[in-house]
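# got a predicted structure plus its sequence, pasted below:
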Amino acid sequence: MTVPAVNIVIEKGTDFEATYNVSNSDSSVYSLTNQTATAKIRKHPTATSVKSFQTSITTATGEIKISMGSTVTADLTAGRNYYDVIITHSVTGKKIKIFEGTALVHDTVSV
């Protein structure tokens with residue numbers, strides 16, 4: 001399965017939120033029953049410093065929401081960063097990367 005790349009922009013010192021719809025190849029809603037989501041961001045894929053997004057799943061619609069509060073985005077390094085979203089099945093432990101991409105982090109003057 002090819003992991004879709006979804007690039008995002010995060011403004012430092014502001015709240016961030018994005019919602020992703022997960023679907024099967026036939027466009028039907030992907031079953032997120034018994035799944036948990038994890039999403040993290042790093043300056044580069046092997047960087048030791050990492051920040052986590054808060055995540056929530058709406059199983060009926062196949063939606064995964066990631067968010068990050070202003071105090072966390074204020075600590076991100078400006079410029080190009082990398083993030084991904086992984087789901088884990090709570091029964092089998094199987095992990096699947098659902099989305100990945102770059103996160104352009106912009107400095108904010110008025111914060």
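Received, thanks.
# show me where the chain has its helices.
70-73 (DSSP state H).
# in it, where is pLDDT below threshold?
Counting by pLDDT under 70, the chain contains low-confidence ranges at 1.
# using CSV, write out every CA atom in stretch 57-65.
Taking Å, rounded to 0.1, in the frame of the first residue of the first chain, the C-alpha atoms of stretch 57-65 are listed here in CSV:
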residue,chain,number,x,y,z
ILE,A,57,-10.7,8.8,15.6
THR,A,58,-14.3,8.9,14.4
THR,A,59,-14.9,5.3,13.4
ALA,A,60,-18.3,5.9,11.7
THR,A,61,-16.8,8.3,9.2
GLY,A,62,-13.3,7.0,9.0
GLU,A,63,-11.8,10.3,10.2
ILE,A,64,-8.6,10.8,12.1
LYS,A,65,-8.0,14.3,13.6
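# now that stretch: buried residues?
Buried residues in stretch 57-65, defined by neighbour count with 16 or more other C-beta atoms under 10 Å: 57, 62, 64-65. (Glycine included, C-beta is placed from N, CA and C.)
# could you do stretch 39-50 as well?
So stretch 39-50, judged by 16+ other C-beta under 10 Å, has buried residues 39, 41-43.
# residue 66 pairs with what?
residue 18, residue 55 (DSSP bridges).
# do I have it right that it meets residue 52?
No. If you go by C-beta atoms under 8 Å, residue 66 and residue 52 don't touch, sitting 9.5 Å apart.
# give me the common contacts of these two.
Taking C-beta atoms under 8 Å, 6 or more residues apart in numbering as the contact criterion, the residues that touch both residue 66 and residue 52 are residue 39.
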